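# structure of the sequence below:
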Amino acid sequence: MQPLTRKLAARLARKRRHGRRGPLDFRNTVRHSLSYGGVPADPKFKYPRPAKPELMVVADISGSVAAFARFTLMLVYAIQGQFSKVRSFVFIDGIDEVTSYFKATEDISEAIHRVNTEADVVWVDGHSDYGHAFEVFWERYGKDINAKTTILLLGDARNNYHATQSWVVKEMQKRGRHVYWLNPEPKSYWNTGDSVVGEYGSFTDGVYECRNLRQLEGFVEKLA
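Just a heads-up that it's a prediction; the model follows:
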């Protein structure tokens, strides 16, 4: 997991590089001109050094993705040190920020136990309601999304036929740097029954099947 999260951070940082040249690097130009007899035939420019990107992870931990939820939480734990800022949120029909749970311990099992026992993620009946969870997320935390923020949404988008409130994902995309969705279900199940991943996905930079480390690596590779 750690090598993949380092690669993920590097890929997202690379996307932040400016395509244009920076200002002339006079000292570097003079130094390289010595090989041309002092003629500055090969001007050198300063390139902005990309900062580590900021990341928000919003993850479904409902029963339908119970097995994936642990994988998700391990991913969240592993990426803490790879980004300048990581904020983590979990939801079922309610949503709660759990950033502090991962920062407070070096024991992943302890962090996961706290998420499963302390996070306030049940609003009405504890069945998935992406629309309500996303709405509350936007009301509480939407103002914290900026042009440096990449948002990673994780879940199967099975919404129990509730209102999707997909406008929230659209607003995330407008305000943030990137929005990606990782879905643990096989693609053949997407948009069947109560799955609304296609509606949400239309407002993201990509939806990816992600059920194991191999597929996670494939997602990271596509960010190049």
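
# identify the residues contacting residue 63.
By C-beta atoms under 8 Å, 6 or more residues apart in numbering, residue 63 lies in contact with nothing. Yep, even glycine has a C-beta here, placed from its N, CA and C like the rest.

# same question for residue 196.
Counting by C-beta under 8 Å, 6+ apart, residue 196 touches 130, 157-159, 164, 166.

# same thing with residue 191?
197-198.

# from the middle of its chain, how far away would the helix or strand containing residue 220 be?
Assigning secondary structure by DSSP states H and E places residue 220 in helix 213-222. Here the centre of helix 213-222 is set off from its chain's centre by 13 Å, with C-alpha atoms, centre = their mean, to the nearest Å.

# quick one: list the elements packing against it.
helix 2-14, strand 178-183, strand 207-209 (3 or more C-beta pairs under 8 Å, 6 or more residues apart in numbering; DSSP states H and E).

# now do the second one, average pLDDT.
Pointing back at strand 178-183 there. Averaging pLDDT along strand 178-183 yields 95.

# kindly report the same for stretch 133-149.
96.

# mind saving the C-alpha coords of that stretch as CSV?
Extracted in CSV, the C-alpha atoms of stretch 133-149 (Å, rounded to 0.1, in the frame of the first residue of the first chain):
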residue,chain,number,x,y,z
ALA,A,133,-24.6,12.5,3.3
PHE,A,134,-23.2,14.6,0.4
GLU,A,135,-25.6,17.5,1.2
VAL,A,136,-24.4,17.6,4.9
PHE,A,137,-20.8,17.3,3.7
TRP,A,138,-21.3,20.3,1.5
GLU,A,139,-23.0,22.4,4.2
ARG,A,140,-20.2,21.6,6.7
TYR,A,141,-17.1,21.3,4.7
GLY,A,142,-17.7,22.6,1.1
LYS,A,143,-16.1,25.9,1.9
ASP,A,144,-12.8,24.2,2.7
ILE,A,145,-12.5,22.9,-0.9
ASN,A,146,-10.2,25.0,-3.0
ALA,A,147,-8.1,24.9,-6.2
LYS,A,148,-5.5,22.7,-4.5
THR,A,149,-7.9,20.1,-3.3
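
# residues contacting that stretch, please?
Under the contact criterion C-beta under 8 Å, 6+ apart, stretch 133-149 has outside partners 16, 51, 53-56, 58, 87, 89, 91-95, 97, 123, 151, 165, 168-169, 171-172, 175-177.

# out of the residues you listed, name the ones that lie in helices.
168-169, 171-172, 175 (DSSP state H).

# okay, the residues you listed in CSV with neighbour count next?
Shown next, in CSV, are the ones in helices among the contacts of stretch 133-149 (neighbours: other C-beta atoms under 10 Å):
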residue, neighbour count
168, 21
169, 24
171, 16
172, 23
175, 17
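
# between those, which is nearest residue 184?
Residue 184 has its nearest neighbour among the ones in helices among the contacts of stretch 133-149 in residue 169, at 17.9 Å by C-beta to C-beta.

# having no further points to raise, I will conclude here.
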